[in-house]
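In: Based on what follows, work out the 3D shape:
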Amino acid sequence: MFLFKKIVAPFFFPLPICFEILLIGLLTLWFTRRQKTGKVIVSIGVFWLALISYGAVSNIFLAPLEFKYSPITDTSAFQDVKWVVVLRGGHFSDPKLPITDQLSGASLVRLVEGIRIHKKISNSTLMLSGGSVFDSTSDAGAMAKMAMALGIEKKEIVLESQSKDTKDQALFIRNIIGNNRFVLVTSASHMARSVALFAAKGMKPIPAPTGFWVNNTLKMSPARFFPSGKGIDKMQRVVYEYLGIAWARLRGQISP
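Out: Numbers count the residues shown, from 1 in each chain. The predicted structure follows:
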């Protein structure tokens, strides 16, 4: 089922859909007599590409996900919490590159935020969660290597290296920490689904979102008037998360 999700889901991402529309349009133009139909299909593909390339459009759908929970700026209310849990964000092993380049941007920002909160909460333990998917090293192991490079001692870290996805993480982490309160660190756009999956297991996560894509302080800039790869990345994040939420509801993993 995990591989099925990984193989099928990308076909529904914004850029592949755009490519599929344009390909159908070009095939219609080149190999059929339906020239008007081909032109309409290609025009739809171009319009779709423009739509997903503008960050202002993706922000409309991304903001409700990212701002559902506020980041933790003051840890004074959480001094009794013993666990700071950081969820995987992906990595790849390449010994020719520094460890900072082997972690994905999502993993790196989540880890740094987790370390920041861990240092602010006395006697807390840093749990790094994520198994091996398409790499011989687990995400948790890669993050642990980076954490120790940043000065965190090995005794302060606990690894959860079995999970393949967020649903698995909720299950395996519960087996380690039980129903105790814990700080949950993941990307802001991923937080709503993560909290729902952990809460469904009877757990008590304290959301600590990080890695925000939407920045409401930038009102006007020349970049806002041009399509960009970042706009496409944002829209892909939107689709990825809403597909994940829909799948979790369909499978009964979270309540509707």
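In: how about low-confidence regions in the protein?
Out: 1-6, 216-225 (pLDDT under 70).
In: Enumerate residues external to the helix or strand harbouring residue 247 that contact any of its residues.
Out: Assigned by DSSP states H and E, residue 247 belongs to helix 229-250. Residues from elsewhere that reach helix 229-250 (Cβ atoms under 8 Å, 6 or more residues apart in numbering): 5, 9, 12-15, 52-55, 57-59, 61-62, 65, 166-167, 189-190, 192-193, 196-197, 213-214, 254-256. Bear in mind the C-beta positions are built from the backbone N, C-alpha and C, glycine included.
In: repeat that for 7 Å
Out: Helix 229-250 has contacts (Cβ atoms under 7 Å, 6 or more residues apart in numbering) with 9, 12-15, 52-55, 58, 61-62, 65, 189-190, 193, 197, 213, 254, 256.
In: what about burial for these, which qualify?
Out: 13-15, 52-55, 58, 61-62, 65, 189-190, 193, 197, 213, 254 (16 or more other Cβ atoms under 10 Å).
In: Residue 40 should be in a helix, yeah?
Out: Yes: under DSSP: H, G, I helix; E, B strand; the rest coil, residue 40 sits within a helix.
In: neighbours around it, how many?
Out: Around residue 40 there are 13 other residues, counting by other Cβ atoms under 10 Å.
In: Identify the residue spatially nearest to it, adjacent ones excluded.
Out: Closest residue to residue 40 apart from its sequence neighbours, by Cβ to Cβ, 6 or more residues apart in numbering: residue 25 at 7.8 Å.
In: Got phi/psi on the one you found?
Out: Torsion angles at residue 25 (phi, psi; degrees, to the nearest 10) stand at phi -60, psi -40.
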